[in-house]
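Participant: need a 3D model of the sequence below.
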Amino acid sequence: QVQLVESGGGLVQPGESLRLSCAASGSIFSIGTMDWYRQAPGKQRELVADITSGGRSNYADSAKGRFTISRDNAKDMVYLQMNNLKPEDTGVYYCHAEIQPNRYISAYEFWGQGTQVTVSS
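Facilitator: Residues are numbered from 1 along each chain as shown. Predicted coordinates for the structure are as follows:
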């Protein structure tokens, strides 16, 4: 049973920083691209950043210059360092990954349960 578990959310003031972590666990043969999505109240879930297994990253325009995605393949973890946070960054942040549980089947998409980030003065 594969699980993604996020941590690191919280309440911060504008301009402050947070680091989100996501740990993959369970039966894992390989992990492809890992992503962070965000869902603000009343809005659709949107991609914030993604990173391939080789370390190539991609960011939403709103995250460029402020957020950094990274991963530790040995630990099956992905991180999102968020600096200079703004009120519009508020939302539930979800970890997403393409995981191949074993060598005999294709990769599946997995989601974490989400972690709340609130940016408010």
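
Participant: any idea how far the residue of the chain most remote from its centre lies from residue 27?
Facilitator: For the chain, the residue at maximal distance from the C-alpha centroid (Cα atoms, centre = their mean) is residue 104, at 26.9 Å. Per Cβ to Cβ, to the nearest Å, residue 104 is found 12 Å from residue 27. All C-beta atoms are positioned from the backbone trio N, CA, C, and that covers glycine.

Participant: and for residue 70?
Facilitator: The value you get for residue 70 to residue 27, if Cβ to Cβ is used, is 24 Å.

Participant: the two: which is more packed in?
Facilitator: residue 70 (15 against 10; other Cβ atoms under 10 Å).

Participant: who's residue 79 bridged to?
Facilitator: residue 21, residue 70 (DSSP bridges).

Participant: so what's it scoring on pLDDT?
Facilitator: If you check residue 79, the pLDDT there is 98.

Participant: contact partners for it?
Facilitator: 19, 20, 21, 22, 69, 70, 71, 72 (Cβ atoms under 8 Å, 6 or more residues apart in numbering).

Participant: switch to 10 Å and redo it
Facilitator: Residue 79 sits next to 8, 19-22, 34, 36, 51, 68-72, 95 when contact means Cβ atoms under 10 Å, 6 or more residues apart in numbering.

Participant: among those, which two are most distant?
Facilitator: The distance between the two most remote of the contacts of residue 79 (Cβ to Cβ) is 16.5 Å, for 8 and 51.

Participant: when these two are compared, which one has more neighbours?
Facilitator: Comparing residue 8 with residue 51 by other Cβ under 10 Å, the one with more neighbours is residue 51, at 22 against 16.

Participant: which strand residues bridge the more buried one?
Facilitator: Beta-bridge partners recorded for residue 51 (DSSP bridges): residue 34, residue 57.

Participant: begin at 408 from here
Facilitator: All set: I'll call the first residue 408, so the last point we hit is now residue 458.

Participant: roughly how far does it sit from residue 409?
Facilitator: 18 Å.

Participant: the closest residue to residue 478 other than its chain neighbours and residue 421, how far apart?
Facilitator: Spatial nearest neighbour of residue 478, excluding adjacent residues (Cβ to Cβ, 6 or more residues apart in numbering): residue 485 at 4.5 Å. Distance, residue 485 to residue 421, by Cβ to Cβ: 25 Å.
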